[in-house]
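Visitor: Sequence and predicted structure below; questions after.
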Amino acid sequence: MRKILAAFCALCCLPFFSCEKLGKFDMKKSRTLNPQSGVYYSLFVRSFADSDGDGIGDLNGICKKLDYLESLGVAGLWLLPIFPSHSYHGYDVDDYYGINPQYGTMEDFERLCSACAERGIAVILDMPLNHSSVHNAWFVESSDPKSPRRLWYRWAAQNDPKINLKAVAWNHKVWNEFGGHYYSGLYSHGMPDFNHDNPEVRAEFKKILGFWLSKGASGFRFDAANHLYDAVKLPSGIKDGQERAVQFWNEMSAYVLGIKPDAYMVGEVWDTAGVRADYMRGLPSTFHFDLGAKIIAAVKNGAALGASNNALAKGLAGDYKAAAAKNPAFVDAPFLTNHDQNRFALQFKNDADSIKLAASMYLFLPGVPFVYYGEELGMNGAKPDEQIRTPFVWSDSGKSGGDKAQTKWIESKYNAKTIPADAQEADKNSILNFYKSAINFRSQNAAAFFGKFSPLDAKNSFVAAWTIQGADGSTLFCLFNLSDKEQKAAPLQADDFGGLKPVFCGKKGCKAQKDGLVIPARSCAIFEKKI
């Protein structure tokens, strides 16, 4: 109720909730908005920042923290679902044209997009088009066999010989009984699956996408992109489910780019590299699932395994080659962990050097990297999902009452010892300040990170390495020391080292010598060679 009253007050007293009023902004520091480049920040609105004191994060809370996001250097925000929903997470959408009243109003969203754009920050929306909520008016209508919307969802009769009503996915039944008939809910009984073959459904989806672009969104993250045509919810005999899904996304992507040519779209395709690559025929970008686990394993075990002969870089080259074969213009989306996975800092037992090293290994890869909110603080979290999506730690609540933007909708079991943002801001060696340095370095060299990637033989088994060659012929040498001792890499002839200069160092001590490149222990070093 407090949120609803706050939303009403926002409408009546618009100036008091203006994003321009809530954050300092220097036009001299403004950056050009480019949704298809830079580093994105994955943000769970409920947990990020609260503007009205009810403990639940909201859109105006994000406005209040735009100075923080700008200083972090991010070029885009991915907002996890902001639609009206009966769940805390929002992936079961009640109304695709509305804003969750706990998060604010449509006017709040439009002002947020406008304020972000002024700072060169794009806003993309999490868009679940695989399923809706059972409370969605469309599904309620479809439950009537005589309704024109019956075919908007996947319904089956009890005696349908082509449907396996006993099918199970992720330990629950896919088909759910209602009124003597059955509907499919791949993710749960509360998330009924759309019928993506229905032209009316596709037309409605395009209408939804166009609506949010008109409100200021710069693109979309498409949820469950590879599950639209899973066999368990299709009649038997259909063998081309993946091809149908690819063509569906091709149609949606073309529509969005027809309205906004610079829109950024990324799909959740949680599958093998080959499947991800195939979906690149329909989507400009997909998340690089399994990369995070490989980086975490390399940082944990690299010294002991001798970096596995640069296996990480060689594997990446193979993934990029597969994607390019399907879509030469593909944009990779690397990340470490997301809102469905145990936070990676916990896996390193909060060792700051390991956290920084892992972060550098994905932030210095081609494409558009995604930072999951709080990872820049070393926040912890593990299943269930609620404990991975806990409040961002702004300040120590025991000091002067703490930051008023602190959300409190759930208590974290894991972050009692996490150093808050305000304390890390003041520590030049903090994880937060490392992220700032790395992201801002990448932003200043954005064009370089769309260059040609190649594995690099560092002549040292403890050093993972690659190069990225820009269109202008300059090359970045990205070196990562996975051992506990300073290491030297010699990837070039000795005469060539003089042409390299360090442009980013994870720690003091990286330098080019006559006999090689020096990388401090458990750290990264980026060298540049200009033409």
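Guide: Great, that's in hand. Residues are numbered from 1 along each chain as shown.
Visitor: so is residue 517 in a helix, a strand, or just coil?
Guide: strand (DSSP: H, G, I helix; E, B strand; the rest coil).
Visitor: Note down every partner strand of the helix or strand harbouring residue 501 and its orientation.
Guide: Assigned by DSSP states H and E, residue 501 falls within strand 500-505. Take DSSP bridges as the rule and strand 500-505 pairs in its sheet with strand 523-529 (antiparallel).
Visitor: in the strand holding residue 501, what's buried?
Guide: 500, 502, 503, 504, 505 (16 or more other Cβ atoms under 10 Å). No exception for glycine: its C-beta is placed from N, CA and C like everyone else's.
Visitor: ditto for stretch 416-435
Guide: 418-424, 430-435.
Visitor: Would you reformat those as a markdown table and include pLDDT and distance to residue 160?
Guide: As requested, the buried residues of stretch 416-435 are exported to a markdown table (pLDDT from 0 to 100; distance: Cβ to Cβ, whole Å):
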| residue | pLDDT | distance to residue 160 |
| --- | --- | --- |
| 418 | 97 | 52 |
| 419 | 97 | 57 |
| 420 | 97 | 56 |
| 421 | 98 | 55 |
| 422 | 96 | 59 |
| 423 | 96 | 60 |
| 424 | 98 | 58 |
| 430 | 98 | 59 |
| 431 | 98 | 55 |
| 432 | 98 | 56 |
| 433 | 98 | 60 |
| 434 | 98 | 57 |
| 435 | 98 | 53 |
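Visitor: ok, so of these, who is nearest residue 62?
Guide: Top of the list for closeness to residue 62, among the buried residues of stretch 416-435 and by Cβ to Cβ, is residue 421 at 14.4 Å.
Visitor: my guess is that closest one contacts residue 433, does it?
Guide: No. Residue 421 is not in contact with residue 433 according to Cβ atoms under 8 Å; the separation is 10.7 Å.
Visitor: returning to that earlier point: put together CSV for the buried residues of strand 500-505, with distance to residue 314 and pLDDT on each row.
Guide: Shown next, in CSV, are the buried residues of strand 500-505 (distance: Cβ to Cβ, whole Å; pLDDT from 0 to 100):
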residue, distance to residue 314, pLDDT
500, 22, 89
502, 25, 94
503, 24, 95
504, 23, 97
505, 25, 97
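Visitor: Go through those residues and name the one nearest residue 86.
Guide: residue 504 (46.0 Å).
Visitor: Just list what the one helix or strand residue 253 maps to packs against, helices and strands only.
Guide: Counting by DSSP H and E, the element that carries residue 253 is helix 241-259. On a contact count with 3 or more Cβ pairs under 8 Å, 6 or more residues apart in numbering; DSSP states H and E, helix 241-259 meets helix 199-214, strand 219-222, strand 264-267, helix 273-279.
Visitor: residues in contact with that helix?
Guide: Helix 241-259 has contacts (Cβ atoms under 8 Å, 6 or more residues apart in numbering) with 129, 196-197, 202, 205-206, 209-210, 213, 219-220, 222, 225-226, 228-231, 234, 263, 265, 267, 275, 278-279, 281-284.
Visitor: Narrow those residues to those that are buried.
Guide: Among the contacts of helix 241-259, those buried by neighbour count (16+ other Cβ under 10 Å) are 129, 196, 202, 205-206, 209, 213, 219-220, 222, 225-226, 228-230, 234, 263, 265, 267, 278-279, 281-284.
Visitor: ok, now how distant is residue 112 from residue 392?
Guide: Distance from residue 112 to residue 392, counting by Cβ to Cβ, to the nearest Å: 17 Å.
Visitor: ugh, wrong one, residue 375
Guide: Residue 375 sits 11 Å away from residue 392, going by Cβ to Cβ.
Visitor: Residue 451 and residue 246, how far apart?
Guide: With Cβ to Cβ as the criterion, residue 451 and residue 246 are 27 Å apart.
Visitor: Looking at these two, which has the bigger crowd around it?
Guide: residue 246 (22 against 19; other Cβ atoms under 10 Å).
Visitor: Grab the nearest non-local neighbour of the more buried one.
Guide: Distances taken as Cβ to Cβ, 6 or more residues apart in numbering put residue 282 closest to residue 246, at 4.1 Å, once the chain neighbours are dropped.
Visitor: related to what we said a few turns ago, closest to residue 48 among the buried residues of strand 500-505?
Guide: When the buried residues of strand 500-505 are compared against residue 48 (criterion: Cβ to Cβ), the nearest one is residue 504, at 28.0 Å.
Visitor: Tell me who's in contact with that closest one.
Guide: By Cβ under 8 Å, 6+ apart, residue 504 lies in contact with 364, 437, 438, 441, 524, 525, 526.
Visitor: What of residue 282?
Guide: 245, 246, 247, 248, 249, 250, 253, 267.
Visitor: in a helix, that's where it is, yeah?
Guide: No. Read with three-state DSSP, residue 282 is coil and lies in no helix.
Visitor: Please work out the average pLDDT along stretch 465-482.
Guide: The average pLDDT within stretch 465-482 is 92.
Visitor: for this protein, which spans come out with low pLDDT?
Guide: 1-30, 303-308, 398-401, 494-495, 498, 531 (pLDDT under 70).
Visitor: Just list whatever residues bridge to residue 501.
Guide: residue 528.
Visitor: Make 112 the starting number, not 1.
Guide: In the new count, where the first residue is 112, that last one comes out as residue 612.
Visitor: quick one, what contacts it?
Guide: Contact analysis of residue 612 by Cβ under 8 Å, 6+ apart lists 623, 638, 639.
Visitor: now those residues in TSV, with neighbour count and distance to residue 579?
Guide: Shown next, in TSV, are the contacts of residue 612 (neighbours: other Cβ atoms under 10 Å; distance: Cβ to Cβ, whole Å):
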residue	neighbour count	distance to residue 579
623	19	18
638	26	11
639	17	10
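Visitor: and which of the residues you listed is nearest residue 215?
Guide: residue 639 (43.8 Å).
Visitor: Isn't that closest one up against residue 588?
Guide: Yes. Using Cβ under 8 Å, residue 639 makes contact with residue 588 at a distance of 7.4 Å.
Visitor: residues in contact with residue 576?
Guide: 421, 424, 566, 567, 568, 569, 588, 589, 590, 591, 600, 602.
Visitor: Determine which two of the contacts of residue 393 are furthest apart.
Guide: The widest separation within the contacts of residue 393 (Cβ to Cβ) is 13.6 Å, between 358 and 378.
Visitor: related to what we said a few turns ago, quick one: common contacting residues for residue 639 and residue 588?
Guide: Shared contacts of residue 639 and residue 588, counting by Cβ under 8 Å, 6+ apart, come down to residue 611.
Visitor: How about the secondary structure of residue 287?
Guide: Strictly by three-state DSSP, residue 287 counts as strand.
Visitor: Distance check, it against residue 279.
Guide: Distance from residue 287 to residue 279, by Cβ to Cβ: 12 Å.
Visitor: These two: which is more packed in?
Guide: Per other Cβ under 10 Å, whichever of residue 287 and residue 279 has more neighbours is residue 287, with 17 against 11.
Visitor: OK, contacts around the closest residue to the more buried one other than its chain neighbours?
Guide: Take residue 287 and drop its neighbours on the chain: the residue closest to it by Cβ to Cβ, 6+ apart is residue 300, 4.4 Å away. By Cβ under 8 Å, 6+ apart, residue 300 lies in contact with 245, 283, 284, 287.
Visitor: And for the closest residue to the first one other than its chain neighbours, the neighbour number?
Guide: The reference is to residue 245. Of all residues not flanking residue 245 in the chain, residue 301 sits nearest, at 5.2 Å (Cβ to Cβ, 6+ apart). Residue 301 has 16 neighbours, counted by other Cβ under 10 Å.
Visitor: any idea how far residue 301 lies from residue 193?
Guide: Applying Cβ to Cβ, the value for residue 301 to residue 193 is 19 Å.
Visitor: How about residue 406?
Guide: Separation of residue 406 from residue 193 (Cβ to Cβ): 30 Å.
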